[in-house]
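> heads up, no residue letters with this:
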């Protein structure tokens, strides 16, 4: 389904998120890593994808799945080099976003900051999701739980590949 060489659990996790993302016109992918999620969003979602990460996408580019993107998919992709907390203005120029996927550095303080920034950049009706809810329970999981409690949101969580989480912004 995904067209990428992923572990079965990670592929299932990204598929779980993809099934709930809807048809966003603008997607923000926070945390590039090896580019699997960015590649998936570009291959399966309409509209543009903005990725922000301090890891330069050119390093080991030939080994990343984004190297295999079609020219059409590549033309819809913008990469912003840096941390979301520092590059907020540059990222915001491409928003607001309909879907945001958060899979960055997994520290508690930065996850709290990233959640707040992402929420401000998310359109009403948009989806905010992320990875590693369980594998970083005292950091990512705790930050997500506090965020959800503060905003009174309904949280969806799957136990696939360290846990994905998802909330919807239904208006304020």
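Perfect, thanks for sending it. Treat the numbers as computed from the prediction; the structure is a model and nothing was measured. Numbering: from 1, shown residues only.

> tell me which residue is most central in this structure.
The centre of the chain sits closest to residue 101, judged by CA atoms, centre = their mean, with a distance of 1.6 Å.

> for it, give me its contacts.
17, 27-31, 37, 41, 129-131 (CB atoms under 8 Å, 6 or more residues apart in numbering). Just so you know, the C-beta spots here come from the backbone N, C-alpha and C atoms, and that holds for glycine as well.

> tell me the one of those residues nearest residue 113?
The shortest gap between residue 113 and any of the contacts of residue 101 belongs to residue 30, at 11.0 Å (CB to CB).

> so what's that closest one up against?
Counted by CB under 8 Å, 6+ apart, residue 30 has contacts 51-53, 84, 100-104, 114, 118.

> and it, how far is that from residue 148?
Distance of residue 30 to residue 148, computed by CB to CB, to the nearest Å: 18 Å.

> same check on residue 95?
Distance, residue 95 to residue 148, using CB to CB: 22 Å.

> and the helices in the protein?
8-21, 36-44, 71-75, 88-92, 108-121, 142-151 (DSSP state H).

> which one of those helices lies nearest to residue 168?
Residue 168 sits nearest to helix 8-21 of all the helices of the chain, at 8.6 Å, using CB to CB.

> correct me if wrong: residue 99 contacts residue 29.
No - with contact defined as CB atoms under 8 Å, residue 99 does not count as touching residue 29 (9.1 Å).

> got CSV for the helices of the chain, with mean neighbour count, mean pLDDT and distance to residue 164 too?
Formatted as CSV, the helices of the chain follow (neighbours: other CB atoms under 10 Å; pLDDT from 0 to 100; distance: least, CB to CB, whole Å):
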stretch, mean neighbour count, mean pLDDT, distance to residue 164
helix 8-21, 18, 77, 5
helix 36-44, 23, 86, 11
helix 71-75, 11, 90, 23
helix 88-92, 15, 96, 22
helix 108-121, 18, 96, 14
helix 142-151, 17, 96, 11
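
> among these, which comes closest to residue 163?
helix 8-21 (8.1 Å).

> okay if I get the contacts of residue 30 as a markdown table plus distance to residue 163?
Shown next, in a markdown table, are these (distance: CB to CB, whole Å):
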| residue | distance to residue 163 |
| --- | --- |
| 51 | 22 |
| 52 | 22 |
| 53 | 21 |
| 84 | 21 |
| 100 | 17 |
| 101 | 14 |
| 102 | 13 |
| 103 | 11 |
| 104 | 15 |
| 114 | 17 |
| 118 | 18 |
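
> and the pLDDT at the nearest residue to residue 94 once chain neighbours are set aside?
In space, and not counting its chain neighbours, residue 94 is closest to residue 50: 4.6 Å by CB to CB, 6 or more residues apart in numbering. Listed pLDDT for residue 50 reads 96.
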